[in-house]
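>>> coords please:
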Amino acid sequence: MSLATGWTQIFPPRNGAPLREDNLTSQVGKVFIVTGGSSGLGYDLARVLYGAGGKVYILTRTRQHAEDAIARIKAHYQDSNDGMPETQRGVLEFIHVDLLDFATVQAAAQQFLQCEGPNGRLDVLFNNAGTGAVSNAPKSKQGCEYHFCVNSIGAHLLTRLLMPMLSKTAAQNPKDTVRVVWPASMLVEMMSPKDGIRKTFLENPDSVTNQNELYSSSKTANWFLASEFTRRQLAAEQAAGVTATTHSPRVVHIAGNPGNYVTNIWRSVPAWTYYLTRPILRDPIHGVETYLWMAFSDSVTFERVLAGGYAICDGRWHPGQRTDLLLALKGVDEGGSGRASEYFDWYEATVKDFVN
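Below is the predicted model of the structure:
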């Protein structure tokens, strides 16, 4: 990673975000899922989407935290005196999920589909929930590595279960407007091993024990997932002889680094790390601005993601990721390492009992 590339992610242009809370268009009639929506970036994102009229499902572990967040969001607008009628606000719903237990992910997807009903929709899935690097982290209920489970595998299972609803919504709306947002990290390019994820990890997850590598690789995995969901949609179309149309069932999966913010993710790291990093941490609302760009910008397209597009903070395209990571997105027959595809297949085998 070049100095300029790192610098612009640590110190992004001041007031440079093209999409913000104050210029977000009405989201009335649209439906969103925000995982981890009771705190941090997820809380502010849910608040902004609700304020714009969207129906927001907050998926998180603790009902009390979700209910407190919903109460605070509603109080925020009641106290804002912006003159907007309450009827133009959105809807907030809580659904329980624990990403360390695939059974609850499956149940959460089923509950969402039941709530929305046969005529329901899902416009954007924000896979926001995640964890920082945790030393001696416990395994998931199904025995999976902690960082991968929270940051990637649980979100992947949720996305997989909701893809039919996302595709149905995409077929009824303008091209490229239905999306899945996958948060990564600047540490993807700074700390992940060659090819992003070690092949030995896929063969034996216990072979990697360093929490910093596990964190950075689990965030790299989200970029790999965004790429593979995209590439496999295209492959399925080509196999069926289908071409994209204005009203296309294609779902845009976009990954990127939302930035560095003061959130609860720092609870899991040593205190000295937080205090050393604190001067460069920003208010979570700026991370929301990155999410808004990933979710709503016209410059985010299926084709751009297919070509390896990756977002960075405040709503910009990364100027160029590490060569080995870009090659990991490509198959061996394309001159790449095929690591992204290998990870996707490894995931499919990991959660196969919870997909159907």
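
>>> If you average the pLDDT over stretch 14-33, what comes out?
What stretch 14-33 shows for mean pLDDT is 93.

>>> er, stretch 298-312 actually
95.

>>> Kindly report the same for stretch 175-186.
Averaged over stretch 175-186, pLDDT sits at 96.

>>> Look up the pLDDT of the spatially closest residue to Arg304 that is not a sequence neighbour for me, please.
Using Cβ to Cβ, 6 or more residues apart in numbering and skipping the chain neighbours, the partner closest in space to Arg304 is Trp317 (7.7 Å). To be clear about C-beta, it is placed using only N, CA and C from the backbone, and glycine gets the same treatment. pLDDT for Trp317: 95.

>>> Kindly provide the distance from Trp317 to Glu342.
Using Cβ to Cβ, to the nearest Å, we find Trp317 at a distance of 26 Å from Glu342.

>>> same deal with Val48?
Counting by Cβ to Cβ - Val48 and Glu342 are separated by 37 Å.

>>> still on that earlier bit, Trp317 and Glu342: which has the busier surroundings?
More crowded of Trp317 and Glu342, by other Cβ atoms under 10 Å: Glu342, with 20 against 15.

>>> Could I get the CA-only coordinates of whichever helix or strand the more buried one is part of as PDB?
Using DSSP states H and E, Glu342 sits within helix 339-351. This file holds the C-alpha atoms of helix 339-351, laid out as PDB (Å, rounded to 0.1, in the frame of the first residue of the first chain):
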ATOM      1  CA  ARG A 339      -8.600 -17.700  -3.500                       C
ATOM      2  CA  ALA A 340     -11.900 -15.800  -3.400                       C
ATOM      3  CA  SER A 341     -13.600 -18.700  -5.100                       C
ATOM      4  CA  GLU A 342     -12.000 -21.200  -2.800                       C
ATOM      5  CA  TYR A 343     -13.200 -19.200   0.200                       C
ATOM      6  CA  PHE A 344     -16.800 -19.100  -1.200                       C
ATOM      7  CA  ASP A 345     -16.800 -22.800  -1.700                       C
ATOM      8  CA  TRP A 346     -15.300 -23.400   1.800                       C
ATOM      9  CA  TYR A 347     -18.100 -21.300   3.200                       C
ATOM     10  CA  GLU A 348     -20.800 -23.200   1.300                       C
ATOM     11  CA  ALA A 349     -19.500 -26.400   2.900                       C
ATOM     12  CA  THR A 350     -19.400 -24.700   6.300                       C
ATOM     13  CA  VAL A 351     -23.000 -23.700   6.400                       C
END
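
>>> Is the residue nearest to Arg304 in contact with Gly308, as I believe?
No - contact between Trp317 and Gly308 fails when scored by Cβ atoms under 8 Å: they sit 10.1 Å apart.

>>> how long is stretch 138-157 end to end?
Its first and final residues considered, stretch 138-157 spans 20 Å by Cα to Cα, to the nearest Å.
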